[in-house]
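Undergrad: I need the structure of the sequence given here:
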Amino acid sequence: MFGSVIIGNFLLLALVMFAIAQPVVFSLVIFFAGLFIFACLWASRYAVLTKAQKKSTKTKADLARDTEEITGVIMAYRKRKSGDTWHWCRNCSNWPTSGYTERPTKPSSGELCNECRAKQKAGTCRS
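TA: Residues are numbered from 1 along each chain as shown. Got it, this is the predicted structure:
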């Protein structure tokens, strides 16, 4: 610890002597050091804002609407009126084509189809 104090004092003394001997150069060094620190702080502020902006406050309905606008495909969840299982893959063998209830967002009640889950996981789901 004592050695670091001596080194710190030595560096401070060298800086003061340099400032006295070369005041113009010293001023330029201080100016550019300040500019560099300002640029680093500005960049870190921007990076923090970018991370904060990535956090979405959209609801599931907003996300479904955005997906529809981007892809042009309406994601629909269907279940038979007499059933309790929701389907979302149009190529599911149990996809209801008549006598069904449909909604644009993932349902909060009822069962989700296992075949649709498997197709989605495999990447073969056509919504």
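Undergrad: do I have it right that Thr105 meets Tyr77?
TA: Yes: assessed by CB atoms under 8 Å, Thr105 is found in contact with Tyr77 at 7.2 Å. Glycine gets a C-beta too; all of them are placed from N, C-alpha and C.
Undergrad: who has more neighbours out of those two?
TA: Remark: of Thr105 and Tyr77, Tyr77 carries more neighbours, 21 against 15, as counted by other CB atoms under 10 Å.
Undergrad: hey, what's the more buried one bridged with?
TA: Arg103 (DSSP bridges).
Undergrad: roughly how far apart are it and Ile37?
TA: 54 Å (CB to CB, to the nearest Å).
Undergrad: ok, Asn91 next?
TA: For Asn91, the distance to Ile37 - CB to CB - is 59 Å.
Undergrad: cool, and Phe18?
TA: According to CB to CB, Phe18 stands 19 Å off from Ile37.
Undergrad: same question, Gly123
TA: For Gly123 relative to Ile37 (CB to CB), the value is 49 Å.
Undergrad: kindly report the same for Val16.
TA: Val16 is 21 Å from Ile37, by CB to CB.
Undergrad: below-threshold pLDDT in this protein: ranges please.
TA: For the chain, the stretches flagged by pLDDT under 70 are 1-5, 7-12, 15, 26, 42-74.
Undergrad: show me where it has strands.
TA: Ranges of strands in the chain, per DSSP state E, are 77-80, 85-86, 100-103, 111-112.
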